[in-house]
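Peer 1: Build me a structure from this.
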Amino acid sequence: MTNYISSKTIKELRMRTGAGMMDCKKALEATEGNIDLAIKNLRKKGLGFANKKLTRLATEGLIESYIHIGSRIGVLVELNCETDFVARDAKFHSLARSIAMQLAACQSVEYVSIDDIPQDIVQKEYNIEMEKDDLTKKPDEIKKQIVNGRIQKRLKELSLMNQQFIQNTEISIEELIKEYISLFGENIKIRRFQRFILGEGLEKKVNNFTQEVSSMISNN
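Peer 2: The predicted structure is shown next:
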């Protein structure tokens, strides 16, 4: 006999996952009302569904901007979807906003995904690791294994999709995107981004007060 699941519990699960009412009801029945377990099961189901959508063309969407408090960091991000209908959805706008905020917070991120990292950058990181002192006396095979592990870690640090979502550290940005693919039923893709940091790349003037006073005295 199926345990009774209250409408309040179903509504709570729907609010937390964005899944349909019937999917929430079935997930709760399968887990005997355990919401956390139901969320995990819905997430697995959604990720499987999302993987099938990833190859579909996404040319609609929006460009979202975010300026951090103090106006010293700004971000522009292009988020694509398949239809203008989804592009106008408030939840899609909220997703774009969250991604822009993530990029402002994660300043080590330089690429959308590991696949976007140029080979010369990968090779440069590899060469740096190979020359580190702690690997000098390691056998070549062990050395390569250690370096490959470190390289993968470094590439993940550079990749947005591999970051933990700052608003829910239990999932990555990649998983977040797939959850929204499942929610909207169409492909969603972070195409590109640009981060602006006030004064970045400029040679800042450093005033030496003692030197300035000395110069003024000598000129008199």
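Peer 1: Now name the helix or strand holding residue 61.
Peer 2: strand 60-67 (DSSP states H and E).
Peer 1: mind listing what's buried in that strand?
Peer 2: 60-61, 64, 66 (16 or more other C-beta atoms under 10 Å). The way it works is simple: take the backbone N, C-alpha and C, and place the C-beta from them, glycine included.
Peer 1: now stretch 113-130
Peer 2: Going by neighbour count (16+ other C-beta under 10 Å), the buried part of stretch 113-130 is 113, 117, 125-126, 129.
Peer 1: May I have the strands that pair with the strand holding residue 61, each with its orientation?
Peer 2: Strand pairing for strand 60-67, using DSSP bridges, gives strand 73-81 (antiparallel).
Peer 1: where does this structure have its least confident helix or strand?
Peer 2: Ranked by mean pLDDT, DSSP states H and E, the weakest helix or strand in the chain is helix 209-218, scoring a mean of 52.
Peer 1: So which residues of the chain form helices?
Peer 2: Taking DSSP state H as the criterion, the chain carries its helices at 7-17, 21-30, 35-51, 84-87, 90-105, 119-130, 140-158, 173-184, 209-218.
Peer 1: among those, which is the most enclosed?
Peer 2: helix 173-184 (a mean of 22; mean count of other C-beta atoms under 10 Å).
Peer 1: Please give me every residue in contact with residue 63.
Peer 2: Residues near residue 63 by C-beta atoms under 8 Å, 6 or more residues apart in numbering: 76-79.
Peer 1: export those to TSV and tack on neighbour count, pLDDT and distance to residue 26?
Peer 2: Formatted as TSV, the contacts of residue 63 follow (neighbours: other C-beta atoms under 10 Å; pLDDT from 0 to 100; distance: C-beta to C-beta, whole Å):
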residue	neighbour count	pLDDT	distance to residue 26
76	15	97	41
77	25	97	35
78	17	97	36
79	26	97	30
